[in-house]
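**Student:** below: sequence and its predicted model.
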Amino acid sequence: MSKDTLQDDLNKVIRDHSEWLAAQLHAQRESLFPPNASKTMRKFGSGEAATLLGVNDSYLRKLSLEGKGPSPDLTPGNRRLYSAEDIQELRVLLEKTARRQGDYLPGRRDGDHLQIIGVMNFKGGSGKTTTAAHLAQRLALTGYRVLAIDLDPQASLTALHGVQPELDLTEGGTLYDAIRYDNPAPISQVIRRTYIPNLDLIPGNLELMEFEHDTPRALAQGNAGLFFFRVKDALAQVDGDYDVVVIDCPPQLGFLTMSALSASTGVLVTIHPEMLDVMSMSQFLRMTADLMDVIAESGADMSHDWMRYLLTRYEPTDAPQNRITAFLRTMYGDKVLNAPMLKSTAISDAGLTKQTLYEVDRSAFTRTTYDRAIESVNAVNDEIAALIQKTWGRA
């Protein structure tokens, strides 16, 4: 059998497997979400709603009894349930009577610049997409106007938000449309509303790889210009519409990642505290530094408001992980976030149904499993929110 025949056979196997897997994923999605249905956000108990708003449950009950704000749904046991839209409506109501501006709407004020957070690492399994998804949703649920961008051609962030890349994006619709070299579209054309108030999405798919192929050709022809500004320039078109942009970067140091890094005001590097992952991160940091030097020499401002390392899939009872964690904290000090993202079956099980912890119902897990996981995720996200506030000059 000739080499060409073997190659043809392999191509057929890969293509057949790809089509079979796509069909199975489509069938799974239709079993979870009927063809004409769209993904929706679950409702929140009064305690959860009060916590998201930063008020006491008793005060929320008082507002309900006085007929102020939206009327919550009542369960047969008289438990009050609030939709994400209800919580946002209450947030606007409370802000009108707040003692200080921003008590309930914590986003940008005059003079504050857009926060663009690049979540990155080039090793798979570091929790990058899980981190980006939970961060974007938590910020939106607590009152920030958020744009989530899936810059990873594998498009897991996109799938988590109810968009099937190979089926729903057959005619474009990714950030590539806005940063391509020939006839780029306005970025507003690729922004989608999600089922969560305050959260918009620019989905991703394999089309993003075209930017990796186009840039070398454009550079060779002298047409690329400052290619690393393309994401930044695209985002400038919607600067006033958002408080925070969260970018799920590709797991590689290519042209997409460099452009996202140039646009970012904050950088979050996810680290799984295992020796092989830390060794990989060492190479990632060295390559990133070298590339940033090259970009800076071309005239880009590569300064950032902040950079932090986030420990992910952390197991407190794992002695080797604890040693590596102590090593990282000794080396990098406060550049490592205080809160780690704990490894939890709740997070992985939620992902099986393309959901985050904020979307799944607590009753789907044992109380201790869910509470432990959500407390960990909230601690991480709220620490990042505090960094954003500090950047804007607020405590």
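**Tutor:** Right, received. Where do you want to start?
**Student:** who touches the closest residue in space to Ala350 that isn't next to it in sequence in this structure?
**Tutor:** On the basis of C-beta to C-beta, 6 or more residues apart in numbering, the spatially nearest residue to Ala350 that is not a chain neighbour turns out to be Val360, at 4.5 Å. (Each C-beta comes from the backbone N, C-alpha and C, glycine too.) By C-beta atoms under 8 Å, 6 or more residues apart in numbering, the contact list for Val360 reads 42, 346, 349-350, 353.
**Student:** in a helix, Ala220, correct?
**Tutor:** Yes - counting by DSSP: H, G, I helix; E, B strand; the rest coil, one finds Ala220 located in a helix.
**Student:** quick one, what contacts it?
**Tutor:** Residues in contact with Ala220 (C-beta under 8 Å, 6+ apart): none are found.
**Student:** cool, Ser280 as well?
**Tutor:** When contacts are counted by C-beta under 8 Å, 6+ apart, Ser280 touches 122-123.
**Student:** any idea which helix or strand carries it?
**Tutor:** If you go by DSSP states H and E, Ser280 is part of helix 275-297.
**Student:** now the stretch 1-150 of the chain, which segments are flagged as low pLDDT?
**Tutor:** For the stretch 1-150 of the chain, residues meeting the criterion pLDDT under 70 lie at 1-11, 14-16, 18-37, 124.
**Student:** and the residue most central in space within the chain, what are its phi and psi?
**Tutor:** For the chain, the residue sitting closest to the mean C-alpha position, by C-alpha atoms, centre = their mean, is Ala132 at 2.5 Å. Here the main-chain torsion angles of Ala132 (degrees, to the nearest 10) amount to phi -60, psi -40.
**Student:** just checking, Phe211 touches Ile179?
**Tutor:** Yes - applying C-beta atoms under 8 Å, one finds Phe211 in contact with Ile179, separated by 6.3 Å.
**Student:** hey, what's in contact with both of the two?
**Tutor:** A shared contact of Phe211 and Ile179, defined by C-beta under 8 Å, 6+ apart, is any residue touching both; here these are Ser259.
**Student:** how about the contacts made by the residue nearest to the centre of the chain?
**Tutor:** Going by C-beta under 8 Å, 6+ apart, the list of residues near Ala132 reads 119, 148, 157, 246-248.
**Student:** can you lay out these as JSON lines showing distance to Ala395?
**Tutor:** Written out in JSON lines, the entries for the contacts of Ala132 read as follows (distance: C-beta to C-beta, whole Å):
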{"residue": "Val119", "distance to Ala395": "25"}
{"residue": "Ala148", "distance to Ala395": "27"}
{"residue": "Leu157", "distance to Ala395": "31"}
{"residue": "Val246", "distance to Ala395": "23"}
{"residue": "Ile247", "distance to Ala395": "27"}
{"residue": "Asp248", "distance to Ala395": "29"}
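**Student:** the residues you listed, buried ones only, as a PyMOL selection?
**Tutor:** For anyone working in PyMOL, the buried entries among the contacts of Ala132, judged by 16 or more other C-beta atoms under 10 Å, can be selected with:
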select buried, resi 119+148+157+246+247+248
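**Student:** so which of the contacts of Ala132 comes closest to Ile271?
**Tutor:** Proximity to Ile271 was ranked across the contacts of Ala132 by C-beta to C-beta; first place goes to Val119, at 12.0 Å.
**Student:** dump the residue contacts of the closest one.
**Tutor:** With C-beta under 8 Å, 6+ apart as the criterion, the residues that contact Val119 are 128, 131-132, 135, 246-249, 268, 270.
**Student:** measure it to Ser58 for me?
**Tutor:** As defined by C-beta to C-beta, to the nearest Å, Val119 lies at a distance of 37 Å from Ser58.
**Student:** residues touching the nearest residue to Asp241 once chain neighbours are set aside, list them.
**Tutor:** Across the structure, with C-beta to C-beta, 6+ apart as the measure, the residue nearest Asp241 apart from its sequence neighbours is Arg145 (6.8 Å). Counting by C-beta under 8 Å, 6+ apart, Arg145 touches 107, 198, 241-244.
**Student:** quick one: the helices in the stretch 251-395 of the chain?
**Tutor:** Assigned by DSSP state H, counting those that start in this stretch, the stretch 251-395 of the chain shows helices spanning 255-263, 275-297, 319-332, 345-352, 367-391.
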